[in-house]
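Asks: pasted the sequence and its predicted model underneath.
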Amino acid sequence: SCLGVNETPEKIKDVINMLELVHKSCAVNSSKRAIQRWELSDIHQAGSSAMSIFFGELCLSIQARSLSQYVKQWILDRFAGALEDVYLGDFEGDEMDKKLLNGTSVNKMDKKLLNGTTGNKAAPKGEIRYNIDDEDAVVYVKLLSLHLSDDLHTKSVVTQQLCPLLRLLTVAYEERYGGEGIDNIDALLGCPVLLPDSSSSGVDFVHLSEAQKHTTVSTLFTAVSWFREIVNSFIYSAAFGSSNGSQPTQDQASVRKKVVSKLKCLLELEEEVHLCAKKCYTFSPPGLEPLPIPRDLVHNNPNSSAVDEIDEGKDIDADEIGRMSKEEKKAFNAIKQASKKKEADRLKSKQKLLKLKAKHEDALQKRLHSALKPLS
């Protein structure tokens, strides 16, 4: 910390140099060195990258008012641009294009995702969704393309850093912590998100490949986390406005309206991710090991038509039974009883598998929900 009489240019420079070193040691530059699988595995199991932890510590320091204004400015200079460069895409085109969300995106991959022509077997068709700003939207959050990145570091680590980064910028900008005002990032409140299209996360989900299902659930999970973090970031401003205690302004009323709209979007998105997570056995939230699939579900599909196939033997009419000898009738009844027992055993087995499946899917849904950051 460097405050009051202890704040000197030399000390500020030392603090900033130290933070630069910490930042460099936390950053994993995948373009300069290979990322070892065990490193990513350790990060995944920890549930957070070193950079995310760094962001969290900076947040706490700002909230404790233990950082110089010069250090806070270094934080904004260093990380505000990273949010835009890494996570946001820009719209181009005329007003009608933006209103219809058919504007040309800067990223060529995003265009292909929207058209369903990426050629990536793990890619569901994309859609720009939840655009609260309507034709005023100038950016979107490109979550789907990040989760489909060929770079393992981007897919597994960078996506986890989004919410901690937003939290850091929010705290740095908030007036109650000496910032310039959260309106510096208010474009994030109403901007849309590039997600799997509503069909892929809805009625068509069961028809997706396993890789597409995993991409869909992973992207929706990050989107729910992002929406929750957005609400947490703007809820104080929406409730109390500026720190000077002035009356609510038109801007504050707009923020309140957008926060409520964001909450409605969040409810819809959470319902989607809960339903999809139950049907995607390969997904596990960051920091959690995959939930083992019960062996009986691996070797038996309770929805298979084979479970319903019952061989009741050849149909025999009453006249034919009447012409049977005593021994033939006895044999026929024995076959009939065996067929009924076989049918009962198959039905019992199917019911057991369905209960096991429902229990496993319920566990998948609960662990996903418990992994989400709580609303403020």
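Replies: Done, it's in. Fair warning: this is a prediction, and the values are worked out from it, not measured in the lab.
Asks: on the three-state scheme, residue 127 is what?
Replies: strand (DSSP: H, G, I helix; E, B strand; the rest coil).
Asks: where along the protein do the strands fall?
Replies: 88-92, 104-105, 126-129, 139-141, 193-196 (DSSP state E).
Asks: residue 362 and residue 252, how far apart?
Replies: With distances taken as C-beta to C-beta, to the nearest Å, residue 362 is found 42 Å from residue 252. Using the backbone N, CA and C atoms, a C-beta is placed for each residue, glycine as well.
Asks: more crowded one of the two?
Replies: Neighbours per residue (other C-beta atoms under 10 Å) separate residue 362 from residue 252, with residue 252 holding more: 18 against 11.
Asks: my guess is the more buried one meets residue 238, correct?
Replies: Yes - using C-beta atoms under 8 Å, residue 252 is in contact with residue 238, at 6.9 Å.
Asks: ends of stretch 116-125, how far apart?
Replies: One end of stretch 116-125 sits 5 Å from the other (C-alpha to C-alpha, to the nearest Å).
Asks: residues contacting it, please?
Replies: Stretch 116-125 has contacts (C-beta atoms under 8 Å, 6 or more residues apart in numbering) with 109, 112-114, 126, 144, 148, 196-197, 199-201, 208-209, 211-212, 214-216.
Asks: what are the buried residues along it?
Replies: For stretch 116-125, the neighbour count (16 or more other C-beta atoms under 10 Å) marks 118, 122-125 as buried.
Asks: that stretch: how far from the chain's middle?
Replies: Relative to the centre of its chain, stretch 116-125 is centred 18 Å away, using C-alpha atoms, centre = their mean, to the nearest Å.
Asks: which secondary structure elements does the helix ranked longest in the chain contact?
Replies: Scanning the chain for the longest helix, with DSSP state H as the assignment, gives helix 326-371. For helix 326-371, the elements it packs on are helix 250-278, helix 295-299, helix 305-308, judged by 3 or more C-beta pairs under 8 Å, 6 or more residues apart in numbering; DSSP states H and E.
Asks: okay, the angle between that helix and helix 250-278?
Replies: 150 degrees (axes from the mean of the first three to the mean of the last three C-alpha atoms, to 10 degrees).
Asks: gap between helix 326-371 and the chain center?
Replies: 36 Å.
Asks: same check, this time on stretch 114-131
Replies: 15 Å.
Asks: before we move on, what about stretch 185-201?
Replies: For stretch 185-201 - counting by C-alpha atoms, centre = their mean - the centre lies 11 Å from the chain centre.
Asks: any buried residues in that stretch, and which?
Replies: 185-186, 188-197, 200-201.
Asks: can I get that stretch in PDB? Just the C-alpha atoms.
Replies: Output of stretch 185-201 as PDB, limited to C-alpha atoms (Å, rounded to 0.1, in the frame of the first residue of the first chain):
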ATOM      1  CA  ILE A 185     -18.300   0.400 -18.900                       C
ATOM      2  CA  ASP A 186     -22.000   0.800 -19.200                       C
ATOM      3  CA  ALA A 187     -22.000  -0.500 -22.800                       C
ATOM      4  CA  LEU A 188     -21.500  -4.000 -21.300                       C
ATOM      5  CA  LEU A 189     -24.900  -3.900 -19.500                       C
ATOM      6  CA  GLY A 190     -27.000  -4.000 -22.600                       C
ATOM      7  CA  CYS A 191     -24.700  -5.500 -25.200                       C
ATOM      8  CA  PRO A 192     -25.600  -8.900 -26.700                       C
ATOM      9  CA  VAL A 193     -23.700 -12.200 -26.600                       C
ATOM     10  CA  LEU A 194     -22.600 -14.700 -29.300                       C
ATOM     11  CA  LEU A 195     -24.100 -18.000 -28.100                       C
ATOM     12  CA  PRO A 196     -25.300 -21.300 -29.600                       C
ATOM     13  CA  ASP A 197     -28.600 -20.500 -31.200                       C
ATOM     14  CA  SER A 198     -31.800 -21.000 -29.300                       C
ATOM     15  CA  SER A 199     -32.600 -24.200 -31.200                       C
ATOM     16  CA  SER A 200     -29.200 -25.800 -30.300                       C
ATOM     17  CA  SER A 201     -29.800 -25.100 -26.600                       C
END
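Asks: quick one: average pLDDT of stretch 14-27?
Replies: Mean per-residue pLDDT for stretch 14-27: 88.
Asks: spatially central residue in this structure, please.
Replies: In the chain, the centroid-proximal residue (C-alpha atoms, centre = their mean) is residue 221; its distance is 1.8 Å.
Asks: contacting residues for that one?
Replies: 273, 277, 283, 285, 368, 371-372.
Asks: from the residues you listed, list the buried ones, please.
Replies: 273, 277, 283, 285, 368, 371.
Asks: contacts only, for the first one.
Replies: So that's residue 273. Per C-beta under 8 Å, 6+ apart, neighbours of residue 273: 201, 217, 220-221, 223-224, 368.
Asks: how far away is it from residue 283?
Replies: Using C-beta to C-beta, residue 273 is found at 10 Å from residue 283.
Asks: shared neighbours, these two?
Replies: Contact criterion C-beta under 8 Å, 6+ apart; residues shared by residue 273 and residue 283: 217, 221, 368.
Asks: and which of these is nearest to residue 170?
Replies: Set against residue 170, the nearest of these by C-beta to C-beta is residue 221 (20.8 Å).
Asks: returning to that earlier point: what would the shared contacts of residue 273 and residue 283 look like in JSON lines with pLDDT and distance to residue 230?
Replies: Putting these into JSON lines (pLDDT from 0 to 100; distance: C-beta to C-beta, whole Å) gives the following:
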{"residue": "217", "pLDDT": "97", "distance to residue 230": "20"}
{"residue": "221", "pLDDT": "96", "distance to residue 230": "15"}
{"residue": "368", "pLDDT": "93", "distance to residue 230": "19"}
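Asks: quick one: which of these is nearest residue 59?
Replies: Nearest member of the shared contacts of residue 273 and residue 283 to residue 59, counting by C-beta to C-beta, is residue 221, at 22.0 Å.
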